[in-house]
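[1] next comes the sequence, and after it the predicted model I'd like to discuss.
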Amino acid sequence: MIKLQVIGHLGKDCTTNVVNGKNVINFSVAHSERYKDASGTQKEKTTWVDCAYWTDRTAIAPYLKKGQLVYVEGAPEARAYAKNDGTPGSSLTVRVNSIQLLGGAKGESTGDGNAEQISAGGSGEGDDLPF
């Protein structure tokens, strides 16, 4: 199995759907890196990762709001497609196995400087909320 781990901010509020009788929570996570190019110019690169969390434990959905910092772990699924103009495109989706909320939304302070971690998925033991 290939496992992908992503820490980043949600790009928009999640959506919850029912597909073939199963619940799925969809959201996108932006991961940004800062680096200097060969000429020493500061650059920033943002990678967007689409996430699909297939779960009966949808209680986490109200917490998955735009700007929320999250840790997501799961199996990557790559897909190639044709864009509207006919050029090739690709996307990366993570089939989420577990998710953790890390502190407040982008720009918010948790007050004490520590990230609040709320776990969803995994064994279910020690989870802070009933996701």
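    Ah, there it is.

[2] give the next helix or strand downstream of the helix or strand hosting Val6.
    Using DSSP states H and E, the element containing Val6 is strand 4-10. Next in sequence after strand 4-10, counting helices and strands by DSSP H and E, comes strand 15-19.

[3] that next one pairs with which strands?
    Strand 15-19 sits in its sheet next to strand 22-36 (antiparallel), going by DSSP bridges.

[4] what angle separates the strand it pairs with from strand 4-10?
    Relative orientation of strand 22-36 and strand 4-10, computed by axes from the mean of the first three to the mean of the last three CA atoms, to 10 degrees: 90 degrees.

[5] about what we covered before: list of residues touching the strand holding Val6?
    Applying CB atoms under 8 Å, 6 or more residues apart in numbering, the external contacts of strand 4-10 come out as 27-32, 49, 51, 64-76, 94, 102, 105-106. Yep, even glycine has a C-beta here, placed from its N, CA and C like the rest.

[6] of those residues, just the buried ones, PyMOL syntax please.
    In PyMOL, a selection of the buried entries from the contacts of strand 4-10 looks like this (16 or more other CB atoms under 10 Å):
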select buried, resi 27+28+29+49+51+64+68+69+70+71+72+73+74+94+102
